[in-house]
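Visitor: A structural model of the following input is requested.
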Amino acid sequence: MNAIKLTGLRQMSMMTVPAPEIRAANDVLIRMARVGVCGSDVHYYETGRIGSQVVQYPFTVGHEGAGIVVAVGSAVTRVRPGDRIAVEPAMACHQCDQCLAGRPHTCRKLRFLGCPGQAEGCLSEFIVMPEDCCFPIPDAMTLDEAALSEPLAIGVYAVKQSVPMRGARIGILGAGPIGLSVLLPALAQGAATAYVTDKIDARLDLARRAGAAWTGNPERRDVVADITAAEPLLLDAVFECCGDQAAMDQAVDLVKPGGKILIIGIPPTLEKAGFSVDKMRRKEICIQNIRRQNHCVQPALDMIHRRDFDINLMLTHRFPFAGTSAAFELVAGYRDGVVKAMIEFPE
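Guide: Modelled structure (predicted):
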C-alpha cells in the first residue's frame, strides 16, 4: 500500500509500505477516505518536532481521519465491514491510573496517530485501530464532517472544561481550526458574546460568519483596549488557540477576576510560556491546559448530526492523496485564506 511520509524538513514523499493486518481480537482494518491537515502535522513538517516529540525519518503524520471499515477482529461488535467511521486518534491502555480515573487522554501508555515514538499517522491507504477508536457515522453525515469531528471534539472538550456557556462572554484568541472548533460549540451552548482575534483577515471573516460578535486583528489594533471598552467587567473565559506568548498576555488582561483561561494552542517553537504573576494573583485567575478531546468525539459527532452549526465552513481547500505535499505547503504558508485543507483518497 502507499503512505505519505516525512523524509526531512519540509520534505515528504509517497512510499510503498507493508499493509497493516488485524492482529488483535478488537482490531479494525480501515481504508482511509479523508485526512485533515492539522497545525501539529505542519509543525512536524516544518521543524521536525513539537517539544520533546522528535521525528525519526521517514515518518507518517496525520490524525484527523475518516474511512471505511474493511475487516474486523473476532471480538469487534461496534462496527462491521462497510461502515463509514470517524477515527479517534488516541489509543489508550484503559488500565493505568489515568484511564481508570476517566482520563484516557493522559494515559500513561497513550499511543496517538502521527505522534513520533507512539504511532505512525493516518496519511496512509489503510490503518488498523482498536474498536473503541472507531465511531460509526449516520448516512446523512459526510466523510468530510467525520474527519472534522476530530478538531471539533477538542473544542467541545475545551468548552466543557471552561465555564457555563449560557450567557457567557468569551474571548477566542486565534481563529484557525481550533479557534473555530471552540466558537461553534460555545455559541451552540448559549455563549452570549464571542470576541475573536487573529492575524489573518480571512479567518476573521470566517469567524464572523460563524457567529462571532466582534473580531479584531492584533497587528492593526489594540485588541485588549477595544474589547475592554466593550466589556469593562471583562470576559468570563478566554481560549488561547494559537500558541503565542502575546496572546497569552492578552488573555490575562482580558479575563475577569475569578475567570478562566484555557490554553489549547500548541506553540511551534516556544518551550516555556510566561504569565504576569501580579495580574494573575490579583484576579485569582484559573489557567487550564487542554489536552486533546477526552470523551468528546461522540458529542462532537452528535452536534454535527443535529446541525447545531455548519462544521463545513472551516473546510476551505481539498487535495488528492498524491498532492499531500502541496497541501502542507499551503497550510504552512497560511496561503490563500486556508483554514482546513482536506486530503481525499481515491475510492
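
Visitor: which residues of the stretch 1-150 of the chain score low on pLDDT?
Guide: Judged against pLDDT under 70, the stretch 1-150 of the chain has no low-scoring part.

Visitor: Helices of that one, start to end?
Guide: 39-47, 97-100, 143-160 (DSSP state H, counting those that start in this stretch).

Visitor: Can you give me the pLDDT of residue 269?
Guide: pLDDT, residue 269: 63.

Visitor: Kindly report the same for residue 243.
Guide: Per-residue pLDDT puts residue 243 at 88.

Visitor: re the thing from before, right, so the helices of the stretch 1-150 of the chain: which one is the most enclosed?
Guide: Stretch with highest mean neighbour count among the helices of the stretch 1-150 of the chain: helix 143-160 (a mean of 25; mean count of other C-beta atoms under 10 Å). For glycine as for every other residue, the C-beta is placed from the backbone atoms N, C-alpha and C.

Visitor: tell me which strands and helices that helix is in contact with?
Guide: Counting contacts by 3 or more C-beta pairs under 8 Å, 6 or more residues apart in numbering; DSSP states H and E, helix 143-160 packs against strand 27-36, strand 64-72, strand 84-87, helix 177-188, helix 297-306, strand 340-344.

Visitor: Surely residue 122 and residue 85 touch.
Guide: No - in this structure residue 122 lies outside contact range of residue 85 using C-beta atoms under 8 Å: 11.9 Å.

Visitor: Tell me which of these two has more neighbours.
Guide: The neighbour count for residue 122 versus residue 85, taken as other C-beta atoms under 10 Å, is higher for residue 122 (28 against 23).

Visitor: Include distance to residue 184 when you put the helices of the stretch 1-150 of the chain into JSON lines, please.
Guide: Compiled in JSON lines, the helices of the stretch 1-150 of the chain are given as follows (distance: least, C-beta to C-beta, whole Å):
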{"stretch": "helix 39-47", "distance to residue 184": "17"}
{"stretch": "helix 97-100", "distance to residue 184": "28"}
{"stretch": "helix 143-160", "distance to residue 184": "7"}
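
Visitor: closest one to residue 332 among those?
Guide: When the helices of the stretch 1-150 of the chain are ranked by distance to residue 332, counting by C-beta to C-beta, first place goes to helix 39-47 at 5.0 Å.

Visitor: C-alpha coordinates for that closest one, PDB please?
Guide: What follows is helix 39-47, C-alpha atoms only, in PDB (Å, rounded to 0.1, in the frame of the first residue of the first chain):
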ATOM      1  CA  GLY A  39      -1.300  22.500  12.600                       C
ATOM      2  CA  SER A  40       0.600  20.000  14.600                       C
ATOM      3  CA  ASP A  41       1.200  17.900  11.500                       C
ATOM      4  CA  VAL A  42       2.700  21.100   9.900                       C
ATOM      5  CA  HIS A  43       4.900  21.700  13.000                       C
ATOM      6  CA  TYR A  44       6.500  18.300  12.400                       C
ATOM      7  CA  TYR A  45       6.700  19.100   8.700                       C
ATOM      8  CA  GLU A  46       8.500  22.400   9.200                       C
ATOM      9  CA  THR A  47      10.600  21.800  12.300                       C
END
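
Visitor: Appreciated, that's everything.
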